[in-house]
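>>> Below: sequence and its predicted model.
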2 protein chains.
Amino acid sequence: MKNFVFYNHTKILFGKGQIALIAGEIPEDSKILLVYGGGSIKNNGIYEQVTDAISDFEYYEFGGIEPNPSYEKCMKALELIEEYEIDFILAVGGGSVIDGAKFIAAAALYDGTEPWEILSHNEEVIEALPLGVVLTLPATGTESNGNSVISRIEYKEKLAFSSPEVLPLFAALDPQVIETLPAKQISNGIIDAFVHVIEQYLTYPVNAPLQDRFAESIMLTLIEEGPKVLKDPTNYDACANFMWCTTMALNGLVGSGVPGDWSSHNIGHEITALYGLDHAQTLAIVLPGVMKVMKESKKEKIIQYAERIWGIKNQNEEETIKAAIEKTIGFFELLGVKSRLSDYGIPVTAADEIADRMEERGDINIGEHKLVGVDEIRKILEIRF
Amino acid sequence: MKNFVFYNHTKILFGKGQIALIAGEIPEDSKILLVYGGGSIKNNGIYEQVTDAISDFEYYEFGGIEPNPSYEKCMKALELIEEYEIDFILAVGGGSVIDGAKFIAAAALYDGTEPWEILSHNEEVIEALPLGVVLTLPATGTESNGNSVISRIEYKEKLAFSSPEVLPLFAALDPQVIETLPAKQISNGIIDAFVHVIEQYLTYPVNAPLQDRFAESIMLTLIEEGPKVLKDPTNYDACANFMWCTTMALNGLVGSGVPGDWSSHNIGHEITALYGLDHAQTLAIVLPGVMKVMKESKKEKIIQYAERIWGIKNQNEEETIKAAIEKTIGFFELLGVKSRLSDYGIPVTAADEIADRMEERGDINIGEHKLVGVDEIRKILEIRF
């Protein structure tokens, strides 16, 4: 096992009716900026639940955070923060809203030239406004981690930052929010969480059996509960199990003391930046390519994955690996998410375009062994055409 | 799944050489009380590692915390705290030292009549001195939870309290500390962690498959790695895996959203209070009794445990349950811990004595269904003679 630091102070309020309790978690006399997205919370009752809960506070609203939250939009919140002396951010939404709110929280107290540097130059976030979360779409795990991904439309860039300063103080997780979600968002959430776990698992063995089993626990539960949620989003227990999986998939736990390979996410972000695909769609495309192209260096863990997750028992390693990749693709397709570039009308030239772009930016030689270079990126995408 | 709140802010510094990093986690200008036990840290090099790490701070020492830390001893620390205006507690030791330090931290700021009320009357801990931990004996999980158990010698009482106020700010976990431990303490640690998980698992199903799998992950890893550690405590990876299991067994995670049955711990504490047995020895005695006497209400989970942990596949439920109990006892005995009262020379009259004592104090009708009454406690102990 590798040395690690594990730290996660987000207080999780999980279950029915938890949104009503958030006021008790917000510091007294806070001036709140309520950050949300396209307005779906005004149709599904969550807006009322939240505004009822915080009615004793002074609060202002900032709606319209987009899927793949934009730098341009987030920067507009800073004016409100200054004007009304906001000192607490309450994000109500899914991964995009929460990621946007994290960036706003950090940008508000940034004292460099422009907050874009947090993303483009990995400038350290020294402090940020405190942040709380009401999660309306289980998927990214951002409700209890310090990660955020922001797009700058002007540059067609999608970049990430990470800081414990933007770790939410609390996250209210009421599985009943899933009832009103479109099937597509549920599928995307299942895949996003599944791939988060895979990226902390499908590397090489470091003798960390507890982390392996925790990772497998989440994957098995997503495979079991995900389709139940899709079939009937009023199945409370299935929704609760799915929601808890998405949080546990990226809160630092399964990645503690083990290597990670974030190349599926890295390459996927490029597809979104250039072609506008949903984040989970890009993962469904890229992950099988990474597994195939990098199969030699991932062999032992792919075989363990094949056996423990899919029950594949085959003496032939090559066939086992192939079957594991097929099962993974099958799971994505079962959830209704297509897994080839051509399914989305993306030309085969995208492989060159993305590989070149990542090379230019220096975002190559990624993965657990830094073996995913420009040729590998190209190949990963070409075989997923 | 049940509603739950999950909150754990302890920053875990895990791995080789982590003790050297603790100074960075202690607030600047703190006046530290270094709390430790019988002095083994002065023989195994940990005392030097710790005092080197905090050499830039003003610190005072308070040694001599006993196994089963006593109220009487802990209260003596309060004089030092007042005299030197201590504002940070650094506990260096195993479960007893850390539990003692937690009580000291709470007692120092208690403003009722006497701090014993925190234990005897469940008086709420409103505030406590901040606390950090260097763990020298993996077992209880106290390094990242808010629990503490204290004995009052004068009354032959062993009582617990729990408060987020005494959750350690940080815990340095260096698996190399295990090298110098006597085999008995390692066995005790494995059993303590194993039973912690069982008590959050062996109740009744609430459709929480992720929590179930997490619990099973810890148990399987303890069964696999525990004997390796006993055989060779210089096996770093085995020690690391064992250590991480003990922390994860009682940090709130596997118990989130599921019922718990702490009757083995409750009854076990009485055996320690009256007969001085090690905590883990009492668990090895009591748990099989609880499983047997309460088997009807625990049936579904015992069968799941039998299948998933011990690979028992039997159509006959009665035989499956019996085999699971035998396997559990076999595991304890394999670790060198005897599991009957008579093994420790305790008379069969202890069953009555403990049952009566718990009845008098009102500590009956415990367990997940409050079905462990005075008769059940007596029976649980009688069948473990």
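Structure received. Residues are numbered from 1 along each chain as shown, chains lettered A, B, ... in the order given.
>>> the domain parsing of chain A - what is it?
A:11-176, A:183-382 (automatic domain parsing).
>>> Pipe the ones you listed into a markdown table and attach distance to chain B per row.
Every residue, glycine included, has its C-beta placed from N, CA and C. Converted to a markdown table, the domains of chain A look like this (distance: least, Cβ to the nearest Cβ, whole Å):
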| stretch | distance to chain B |
| --- | --- |
| domain A:11-176 | 3 |
| domain A:183-382 | 3 |
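>>> Export those domains as CSV, with columns for mean neighbour count and distance to B:T180.
What follows is these, written out as CSV (neighbours: other Cβ atoms under 10 Å in any protein chain shown; distance: least, Cβ to Cβ, whole Å):
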stretch, mean neighbour count, distance to B:T180
domain A:11-176, 20, 34
domain A:183-382, 20, 22
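>>> how about those in TSV, adding distance to B:L210?
TSV is the format used below for the domains of chain A (distance: least, Cβ to Cβ, whole Å):
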stretch	distance to B:L210
domain A:11-176	12
domain A:183-382	5
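>>> Turn these into JSON lines, columns for mean pLDDT.
Shown next, in JSON lines, are those (pLDDT from 0 to 100):
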{"stretch": "domain A:11-176", "mean pLDDT": "96"}
{"stretch": "domain A:183-382", "mean pLDDT": "97"}
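>>> how about these, which one is nearest B:M358?
domain A:11-176 (32.1 Å; Cβ to Cβ).
>>> Between its first and last residues, how far does that closest one reach?
Using Cα to Cα, to the nearest Å, the end-to-end distance of domain A:11-176 comes to 19 Å.
>>> cool, and stretch A:139-153?
Span of stretch A:139-153 from end to end, Cα to Cα: 23 Å.
>>> Give the other helices and strands that the helix or strand where A:G100 lies contacts.
A:G100 is part of helix A:95-107 when elements are defined by DSSP states H and E. Where contact means 3 or more Cβ pairs under 8 Å, 6 or more residues apart in numbering or on different chains; DSSP states H and E, helix A:95-107 is packed against strand A:31-35, helix A:71-83, strand A:88-93, helix A:116-120, strand A:131-135, strand A:147-152.
>>> which neighbours does the fifth one have in its sheet, and in what orientation?
The reference is to strand A:131-135. strand A:88-93 (parallel), strand A:170-173 (parallel) (DSSP bridges).
>>> what does the shortest one contact?
In this structure, residues lying in contact with strand A:170-173 by Cβ atoms under 8 Å, 6 or more residues apart in numbering or on different chains are A:10-15, A:18-19, A:21-22, A:25, A:132-135, A:138, A:143-144, A:243-244, A:247.
>>> what's the next helix or strand after that strand packed up against?
Using DSSP H and E, the helix or strand that directly follows strand A:170-173 along the chain is helix A:183-199. Here helix A:183-199 touches helix A:209-231, helix A:236-249, helix A:263-275, helix A:279-293, going by 3+ Cβ pairs under 8 Å, 6+ apart.
>>> Output the contacting helices and strands for the third one.
Applying 3+ Cβ pairs under 8 Å, 6+ apart, one finds that helix A:263-275 makes contact with strand A:147-152, strand A:157-162, helix A:183-199, helix A:279-293, helix A:350-361, helix A:374-382.
>>> tilt between that helix and strand A:147-152?
20 degrees (axes from the mean of the first three to the mean of the last three Cα atoms, to 10 degrees).
>>> Next, the angle from helix A:263-275 to strand A:157-162.
Using the same axes, to 10 degrees: helix A:263-275 against strand A:157-162 is 140 degrees.
>>> and what of the last one?
Computed with the same axes, to 10 degrees, the direction of helix A:279-293 lies at 80 degrees from that of strand A:157-162.
>>> Pull the residues that contact the helix or strand following helix A:279-293.
Counting by DSSP H and E, the next helix or strand C-terminal to helix A:279-293 is helix A:299-310. Helix A:299-310 is contacted from outside by A:198, A:201-205, A:212, A:216, A:219-220, A:223, A:291, A:295, A:312-314, A:317, A:320-321, A:323-324, A:327, using Cβ under 8 Å, 6+ apart.
>>> next structured bit after helix A:299-310?
Counting by DSSP H and E, what follows helix A:299-310 is helix A:317-334.
>>> from the chain's centre, how far out does that next one sit?
23 Å (Cα atoms, centre = their mean, to the nearest Å).
>>> Which neighbouring elements make contact with that helix?
So helix A:317-334, by 3+ Cβ pairs under 8 Å, 6+ apart, packs with helix A:279-293, helix A:299-310.
>>> got the angle between it and helix A:209-231?
40 degrees.
>>> Identify all contacting residues around helix A:317-334.
Contacts of helix A:317-334 (Cβ under 8 Å, 6+ apart): A:191, A:194, A:223, A:227, A:284, A:287-288, A:291-292, A:295, A:299, A:302-303, A:305-307, A:309-310, A:312, A:314, A:339.
>>> list the contacts for the most centrally placed residue in chain A?
In chain A, the centroid-proximal residue (Cα atoms, centre = their mean) is A:T140; its distance is 2.8 Å. By Cβ under 8 Å, 6+ apart, the contact list for A:T140 reads A:G94, A:G95, A:I98, A:D99, A:G189, A:D192, A:A193, A:H196, A:T246, A:L250, A:H279.
>>> which one is the fourth one nearest to, not counting chain neighbours?
Distance criterion Cβ to Cβ, 6 or more residues apart in numbering or on different chains; nearest residue to A:D99, sequence neighbours excluded, is A:S148 at 4.1 Å.
>>> separation between the one you found and B:C245?
32 Å (Cβ to Cβ, to the nearest Å).
>>> now do A:I218
18 Å.
>>> Repeat that for A:A284.
Counting by Cβ to Cβ, the gap from A:A284 to B:C245 is 34 Å.
>>> backbone phi and psi for A:H121, please?
Main-chain torsions, A:H121, degrees, to the nearest 10: phi -120, psi 10.
>>> typed the wrong thing, it's A:K313
phi -120, psi 110.
>>> Name the residue most distant from the centre of chain A?
A:Q315 (35.5 Å).
>>> got the contact list for that residue?
Contacts of A:Q315 (Cβ under 8 Å, 6+ apart): none.
>>> Okay, it and A:A306: tell me how far apart.
Taken as Cβ to Cβ, the span from A:Q315 to A:A306 is 12 Å.
>>> try A:I86
50 Å.
>>> do the same with A:V254
Applying Cβ to Cβ to A:V254 and A:A306 gives a distance of 19 Å.
>>> can you check A:Y201 too?
12 Å.
>>> before we move on, what about A:D261?
For A:D261 relative to A:A306 (Cβ to Cβ), the value is 17 Å.
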